[in-house]
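K.L.:
Sequence and computational prediction follow.
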Amino acid sequence: MIIKSFNYKFVNSTNDIAINLIKQKNIKAGFVLAEKQKKGRGQRGKKWISYKGNLFISIFFSLEKINLTLKQLTKTNTKLIIKLISQYYKKKIKLKLPNDILINKKKICGILQETIQKNDNKYLIVGIGLNLIKSPKIKEYSTTNLYDLTDSKISVDKISKELKNIYVTFLKSQKVI
(Lines give C-alpha, C1' and ligand atoms only; values in the text may rest on other atoms or scores of the structure.)
Protein backbone atom coordinates (compact mmCIF):
# COMPACT_ATOMS: atom_id res chain seq x y z
CA MET A 1 0.00 0.00 0.00
CA ILE A 2 1.18 3.52 -0.73
CA ILE A 3 0.47 6.86 0.86
CA LYS A 4 -1.64 8.94 -1.49
CA SER A 5 -0.97 12.66 -1.77
CA PHE A 6 -3.66 15.29 -2.22
CA ASN A 7 -2.56 18.85 -3.01
CA TYR A 8 -4.83 21.89 -2.89
CA LYS A 9 -4.41 25.62 -3.35
CA PHE A 10 -7.12 26.66 -0.90
CA VAL A 11 -9.21 24.65 1.58
CA ASN A 12 -11.26 25.31 4.67
CA SER A 13 -9.13 22.84 6.67
CA THR A 14 -6.73 20.06 5.69
CA ASN A 15 -8.14 17.93 8.53
CA ASP A 16 -11.65 18.38 7.10
CA ILE A 17 -10.42 17.23 3.68
CA ALA A 18 -8.76 14.19 5.32
CA ILE A 19 -12.01 13.32 7.13
CA ASN A 20 -13.95 13.50 3.85
CA LEU A 21 -11.37 11.37 2.03
CA ILE A 22 -11.56 8.70 4.73
CA LYS A 23 -15.37 8.70 4.68
CA GLN A 24 -15.73 8.69 0.89
CA LYS A 25 -12.81 6.61 -0.38
CA ASN A 26 -11.00 3.42 0.51
CA ILE A 27 -7.65 4.97 1.44
CA LYS A 28 -5.59 3.60 4.35
CA ALA A 29 -3.02 6.43 4.46
CA GLY A 30 -2.74 9.87 2.90
CA PHE A 31 -1.23 13.34 2.95
CA VAL A 32 -3.35 16.43 2.42
CA LEU A 33 -1.36 19.58 1.65
CA ALA A 34 -2.80 23.06 1.10
CA GLU A 35 -1.23 26.39 0.23
CA LYS A 36 -3.77 28.18 2.41
CA GLN A 37 -6.55 27.33 4.85
CA LYS A 38 -9.62 29.44 5.47
CA LYS A 39 -10.74 27.70 8.67
CA GLY A 40 -7.63 26.00 10.03
CA ARG A 41 -8.15 24.92 13.61
CA GLY A 42 -6.17 24.00 16.66
CA GLN A 43 -6.92 22.39 20.00
CA ARG A 44 -10.25 23.10 21.69
CA GLY A 45 -11.66 24.79 18.58
CA LYS A 46 -9.07 27.56 18.48
CA LYS A 47 -8.44 29.12 15.07
CA TRP A 48 -5.15 28.40 13.31
CA ILE A 49 -3.99 31.43 11.32
CA SER A 50 -2.82 30.19 7.93
CA TYR A 51 -0.47 32.48 6.03
CA LYS A 52 0.47 31.43 2.52
CA GLY A 53 4.05 30.13 2.49
CA ASN A 54 3.69 28.28 5.78
CA LEU A 55 3.07 24.52 5.94
CA PHE A 56 -0.49 23.18 6.32
CA ILE A 57 -0.68 19.44 6.07
CA SER A 58 -2.77 16.60 7.44
CA ILE A 59 -1.46 13.08 7.54
CA PHE A 60 -3.98 10.31 8.03
CA PHE A 61 -3.62 6.59 8.49
CA SER A 62 -5.47 3.53 9.67
CA LEU A 63 -4.83 2.49 13.28
CA GLU A 64 -5.73 -1.11 12.42
CA LYS A 65 -2.15 -2.46 12.71
CA ILE A 66 -0.66 0.10 15.08
CA ASN A 67 0.02 -1.14 18.59
CA LEU A 68 0.39 2.29 20.20
CA THR A 69 -2.11 4.16 22.39
CA LEU A 70 -3.33 7.58 21.29
CA LYS A 71 -1.14 9.10 24.01
CA GLN A 72 1.90 7.25 22.62
CA LEU A 73 0.97 8.36 19.09
CA THR A 74 0.74 11.98 20.26
CA LYS A 75 4.27 11.74 21.63
CA THR A 76 5.49 9.96 18.49
CA ASN A 77 3.94 12.56 16.18
CA THR A 78 5.56 15.44 18.05
CA LYS A 79 8.93 13.64 17.94
CA LEU A 80 8.61 13.11 14.19
CA ILE A 81 7.85 16.79 13.61
CA ILE A 82 10.66 17.91 15.92
CA LYS A 83 12.95 15.63 13.89
CA LEU A 84 11.85 17.51 10.75
CA ILE A 85 12.38 20.97 12.27
CA SER A 86 15.78 19.97 13.68
CA GLN A 87 17.02 19.42 10.13
CA TYR A 88 16.83 23.21 9.76
CA TYR A 89 17.24 24.52 13.29
CA LYS A 90 20.03 22.93 15.31
CA LYS A 91 19.37 24.51 18.72
CA LYS A 92 16.89 23.48 21.40
CA ILE A 93 13.34 22.68 20.31
CA LYS A 94 10.80 22.07 23.06
CA LEU A 95 7.44 20.37 23.29
CA LYS A 96 4.68 22.13 25.20
CA LEU A 97 2.23 19.40 26.12
CA PRO A 98 0.22 18.07 24.58
CA ASN A 99 1.20 19.14 21.07
CA ASP A 100 2.73 22.58 20.58
CA ILE A 101 6.33 22.91 19.45
CA LEU A 102 8.28 25.87 20.79
CA ILE A 103 11.61 27.48 20.04
CA ASN A 104 12.88 30.13 22.46
CA LYS A 105 9.49 29.96 24.25
CA LYS A 106 7.71 30.91 21.01
CA LYS A 107 5.27 28.67 19.17
CA ILE A 108 6.48 27.54 15.75
CA CYS A 109 4.18 24.58 15.18
CA GLY A 110 0.81 23.28 16.29
CA ILE A 111 -0.52 19.78 15.90
CA LEU A 112 -4.17 18.76 15.94
CA GLN A 113 -4.93 15.04 16.23
CA GLU A 114 -8.38 13.73 15.51
CA THR A 115 -9.73 10.21 15.21
CA ILE A 116 -12.52 9.01 12.96
CA GLN A 117 -14.24 5.67 12.66
CA LYS A 118 -15.16 4.15 9.30
CA ASN A 119 -16.88 0.79 9.49
CA ASP A 120 -14.76 -1.26 11.91
CA ASN A 121 -11.59 0.73 11.34
CA LYS A 122 -10.28 3.72 13.27
CA TYR A 123 -8.12 6.39 11.62
CA LEU A 124 -5.83 9.02 13.05
CA ILE A 125 -5.59 12.42 11.40
CA VAL A 126 -2.56 14.53 12.32
CA GLY A 127 -2.99 18.15 11.28
CA ILE A 128 0.23 20.15 11.27
CA GLY A 129 0.65 23.89 10.98
CA LEU A 130 4.30 24.92 10.79
CA ASN A 131 5.37 28.56 10.49
CA LEU A 132 7.97 28.61 7.73
CA ILE A 133 8.09 32.25 6.63
CA LYS A 134 5.57 34.24 8.65
CA SER A 135 4.34 34.23 12.25
CA PRO A 136 0.86 35.25 13.30
CA LYS A 137 0.49 37.90 16.00
CA ILE A 138 -1.40 36.30 18.88
CA LYS A 139 -2.22 37.98 22.22
CA GLU A 140 -1.94 34.87 24.38
CA TYR A 141 1.55 33.77 23.30
CA SER A 142 4.54 34.64 21.14
CA THR A 143 5.16 32.92 17.81
CA THR A 144 8.14 32.45 15.53
CA ASN A 145 9.01 30.97 12.13
CA LEU A 146 11.92 29.12 10.56
CA TYR A 147 12.86 32.01 8.27
CA ASP A 148 13.39 34.38 11.22
CA LEU A 149 15.37 31.71 13.08
CA THR A 150 17.60 30.53 10.24
CA ASP A 151 17.61 33.47 7.81
CA SER A 152 16.84 31.06 4.97
CA LYS A 153 13.60 30.40 3.15
CA ILE A 154 12.42 26.81 3.15
CA SER A 155 9.94 25.87 0.47
CA VAL A 156 6.69 24.17 1.38
CA ASP A 157 7.39 21.63 -1.36
CA LYS A 158 10.78 20.65 0.07
CA ILE A 159 9.72 20.41 3.71
CA SER A 160 6.47 18.56 2.90
CA LYS A 161 8.45 15.92 0.96
CA GLU A 162 10.82 15.53 3.92
CA LEU A 163 7.88 15.19 6.31
CA LYS A 164 6.29 12.60 4.04
CA ASN A 165 9.54 10.58 4.04
CA ILE A 166 9.68 10.72 7.84
CA TYR A 167 6.10 9.42 8.06
CA VAL A 168 6.65 6.74 5.41
CA THR A 169 9.53 5.40 7.52
CA PHE A 170 7.36 5.47 10.66
CA LEU A 171 4.33 3.83 8.99
CA LYS A 172 6.54 1.13 7.46
CA SER A 173 7.97 0.40 10.92
CA GLN A 174 4.39 -0.01 12.17
CA LYS A 175 3.52 -2.20 9.17
CA VAL A 176 0.74 0.17 8.11
CA ILE A 177 2.22 0.48 4.61
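P.N.:
Received, thanks. The structure presented is a predicted model; accordingly, all values stated were derived computationally and were not measured.
K.L.:
switch to C-alpha atoms for all contacts and neighbour counts from now on
P.N.:
Fine.
K.L.:
ok, which stretches of this protein are strands?
P.N.:
With strands called from DSSP state E, the chain shows them at 4-11, 29-37, 55-62, 94-96, 100-103, 106-118, 121-130.
K.L.:
residues touching the nearest residue to Leu149 once chain neighbours are set aside, list them.
P.N.:
Closest residue to Leu149 in three dimensions, ignoring its sequence neighbours and counting by CA to CA, 6 or more residues apart in numbering: Tyr89, at 7.4 Å. Each residue near Tyr89 by CA atoms under 8 Å, 6 or more residues apart in numbering is listed here: 146, 149-150.
K.L.:
So which of those residues wins on neighbours?
P.N.:
Comparing the contacts of Tyr89 by number of neighbours (other CA atoms under 10 Å), Leu146 comes first, having 22 neighbours.
K.L.:
right, and Asp100 touches Ile111 too?
P.N.:
Yes. Counting by CA atoms under 8 Å, Asp100 touches Ile111, with 6.4 Å between them.
K.L.:
So the two - more neighbours on which side?
P.N.:
Shown here are Asp100 and Ile111; by other CA under 10 Å, Ile111 has more neighbours (24 against 20).
K.L.:
nearest spatial neighbour of the more buried one, skipping sequence neighbours?
P.N.:
Ile128 (4.7 Å).
K.L.:
Quick one: neighbours of Glu134, just the number.
P.N.:
To be clear, residue 134 is Lys; Glu isn't right here. Applying other CA under 10 Å, I find that Lys134 has 19 neighbouring residues.
K.L.:
Tyr141 versus that one, what's the distance?
P.N.:
From Lys134 across to Tyr141, the span is 15 Å (CA to CA, to the nearest Å).
K.L.:
partner residues bridging the residue most central in space within the chain?
P.N.:
Closest residue to the average C-alpha location of the chain: Ile128 at 2.2 Å, with CA atoms, centre = their mean. Note on Ile128: beta-bridge partners by DSSP bridges are Ile57, Ile111.
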